[in-house]
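*Asks:* Sequence plus predicted model, see below.
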Amino acid sequence: MRYLFLLLCACMPMLLKAQFNTAASNTKPPYLQYPVIPAFKMTLPDGHVITKNDLRKEKTMVFVFSVDCDHCKHLTEEVLKNIDKFKKYQILMVTPFNVDQMKEYYKQYNIAKYPNIIMASEPTRQIMYFYDLHFFPGLYIYSAKDKFIKGFEGSAKVDSLLYYLNK
């Protein structure tokens, strides 16, 4: 009888965990529950604050990046090398880092020279939670009507991005 009691005590935490985790494991990340560009306040390099209402109504690629991520730097360079292929799309580059760190990245890649790229800082990190982002960069493509099309976490190829932007 004592062994049965010990076995029950050992198994009880696993049984309780299985009961309570079923609802949590079925929930989708916010960007899939609300498949539109998030309306967070973002700060531009010049200090102006914008939201998604300030964006143009065209296909948009949201590029969530870290200022010190090598994959992000590489992808930024690839996009800039192929900027002619991205000219008819809006690219919103958002970093969860502060404005000063973002400005360095902005200057390093001369982003001001590209009218279809908007770079902004969202230091509250809500963007990270909205996209449930674990690895940089995060790339999320939206239609001109602000509907989610496709998301990538981690590195992505320019051809894959263009494929979904052209859909």
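*Replies:* That came in fine, so what should we check first?

*Asks:* any low-confidence regions in this structure?
*Replies:* 1-26 (pLDDT under 70).

*Asks:* Please, where are all the helices along it?
*Replies:* For the chain, applying DSSP state H gives helices covering 2-25, 30-33, 70-81, 83-86, 99-108, 126-130, 158-165.

*Asks:* Isn't residue 117 up against residue 89?
*Replies:* No - the pair residue 117 / residue 89 is not scored as a contact, 9.8 Å apart, by CB atoms under 8 Å. For glycine as for every other residue, the C-beta is placed from the backbone atoms N, C-alpha and C.

*Asks:* The nearest residue to residue 97 once chain neighbours are set aside: how many residues sit nearby?
*Replies:* Once flanking residues are discounted, residue 97 sits nearest to residue 67: 4.9 Å by CB to CB, 6 or more residues apart in numbering. If you count neighbours by other CB atoms under 10 Å, residue 67 ends up with 20.

*Asks:* ok, now residue 115?
*Replies:* With other CB under 10 Å as criterion, residue 115 counts 8.

*Asks:* try the one 10 residues further on
*Replies:* Using other CB under 10 Å, residue 125 is surrounded by 12 other residues.

*Asks:* for residue 93, same thing?
*Replies:* 23.

*Asks:* what does residue 94 give?
*Replies:* Neighbours around residue 94, by other CB under 10 Å: 23.

*Asks:* Give me the distance between it and residue 128.
*Replies:* Between residue 94 and residue 128 the computed distance is 10 Å (CB to CB, to the nearest Å).

*Asks:* Name all residues that sit in contact with these two at the same time.
*Replies:* residue 64 (CB atoms under 8 Å, 6 or more residues apart in numbering).
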